[in-house]
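[1] Generate a structure from the sequence data that follows.
(one chain, ligands or ions: 1)
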Amino acid sequence: MNRAEKANLQLQAVSVLRMLKETRTYDELAEVTDLPAGDLNRYVNGHVLPSPDRAEAVVEGVGREQLAEELQARTRLDPEGYVDNSGVVFDQSFLDLVAPVAVETFDFDLPDVVLTAATDGITLAAAMASYFGARCAYAKKSKETAVEEFIEARQRLASGIELTYYLPASAIAPGETVLVVDDLIRSGETQELLLDIAEDADANVGGVFALIAAGTEGIERAKGRTDAPVGALASFE
Ligand SMILES: O=P(O)(O)OC[C@H]1O[C@H](OP(=O)(O)OP(=O)(O)O)[C@H](O)[C@@H]1O
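    Numbers count the residues shown, from 1 in each chain. So this is what the prediction gives:
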């Protein structure tokens with residue numbers, strides 16, 4: 001790790017600790033992190049940065065578990081099983097914490113492009129792209145008027161409805177590494193269309209990542225389509 005990467009990791013750890021501190025006392029935070037309450041106070045207030053080792057432990061270990069809990073707490077499931085995750089996808093500073101935890105947990109190849117589908121995946125994709133220094137691209141269900149060339153992916157869904165996603169052809173260059181992300185993966189139909197787009201662009205898939213998996217069907221479906229790591233931060237049955 002070079003100096004800039006270390007500094008980035010240390011600042012990420014401070015963000016994670018601040019997020020956790022919102023709903024905890026320092027003693028409770030000490031219990032969660034196994035770090036002394038006095039040190040945590042100095043980190044959260046920005047007086048001292050955690051050492052790179054401590055920062056890594058916070059981002060990798062505690063970060064994943066706590067982010068998953070936080071996700072569950074911010075997500076509502078209605079009686080029909082539909083997910084309301086606006087408390088997550090509208091909160092850019094929460095989403096800023098996700099990329100380092102996701103990459104530590106799932107070991108994705110670092111992307112040139114973070115690809116998602118409009119609409120709800122966009123804020124997550126933007127946050128992750130910014131962390132990786134990658135471009136953010138999103139496929140839409142309609143064609144942008146001024147764009148001449150598109151990559152199209154079409155699928156007849158289980159419901160019988162036909163779904164087409166369009167991505168401007170210039171968004172991904174051949175040979176680039178694409179990380180497919182979304183807020184939610186349920187049937188995996190959307191991710192499959194995004195993987196079709198990546199394949200059409202002659203890109204390498206670096207991974208498939210969702211914040212929330214509703215059931216296991218979507219994750220299994222994506223795993224059937226790529227050898228790259230596939231995972232979600234939290235799951236609902
Ligand atoms: O795994 P799947 O069964 O494909 O479901 C997941 C997709 O469903 C939601 O998008 P939706 O199609 O509702 O569009 P929206 O983001 O515009 O609401 C969500 O943002 C994912 O893209």
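
[2] can you pull the contacts of the nearest residue to residue 214 once chain neighbours are set aside?
    In space, residue 214 comes closest to residue 186 once its chain neighbours are excluded; the distance is 4.4 Å by Cβ to Cβ, 6 or more residues apart in numbering. In short, each C-beta sits where N, CA and C put it, glycine included. With contact set as Cβ atoms under 8 Å, 6 or more residues apart in numbering, residue 186 has these partners: 213, 214, 215, 217, 218.

[3] Pull the number of nearby residues for the third one.
    Here the number of neighbours of residue 215 (other Cβ atoms under 10 Å) works out to 15.

[4] what's the answer for the fourth one, then?
    Residue 217 sits with 14 neighbouring residues when counted by other Cβ under 10 Å.

[5] Repeat that for the first one.
    Counted with other Cβ under 10 Å, residues neighbouring residue 213 total 23.

[6] Could you measure from it over to residue 177?
    To residue 177, residue 213 is 23 Å away according to Cβ to Cβ, to the nearest Å.

[7] Show me what the strand ranked longest in the chain is packed against.
    Secondary structure of the chain per DSSP state E: the longest strand is strand 204-214. Counting contacts by 3 or more Cβ pairs under 8 Å, 6 or more residues apart in numbering; DSSP states H and E, strand 204-214 packs against helix 98-106, strand 177-185, helix 189-200, helix 217-223, strand 230-236.

[8] For that strand, output the C-alpha coordinates as CSV.
    Provided in CSV are the C-alpha atoms of strand 204-214 (Å, rounded to 0.1, in the frame of the first residue of the first chain):
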residue,chain,number,x,y,z
ASN,A,204,-13.9,-8.1,-18.7
VAL,A,205,-16.2,-8.5,-15.7
GLY,A,206,-14.5,-7.7,-12.5
GLY,A,207,-17.4,-8.7,-10.3
VAL,A,208,-21.1,-8.4,-9.6
PHE,A,209,-22.1,-6.6,-6.4
ALA,A,210,-25.5,-5.7,-4.9
LEU,A,211,-26.2,-3.9,-1.6
ILE,A,212,-29.1,-6.3,-0.9
ALA,A,213,-30.0,-9.7,-2.1
ALA,A,214,-33.6,-10.6,-1.8
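
[9] From what I see, residue 117 and residue 137 are in contact.
    No: using Cβ atoms under 8 Å, residue 117 is not in contact with residue 137, being 10.2 Å away.

[10] the more surrounded of those two?
    Neighbours per residue (other Cβ under 10 Å) separate residue 117 from residue 137, with residue 117 holding more: 26 against 21.

[11] need the contact list for the more buried one.
    Contacts of residue 117 by Cβ under 8 Å, 6+ apart are 138, 139, 140, 165, 182, 190, 193, 194.

[12] so how far is the ligand from it?
    Between residue 117 and the ligand the distance is 5 Å, computed by Cβ to the nearest ligand atom, to the nearest Å.
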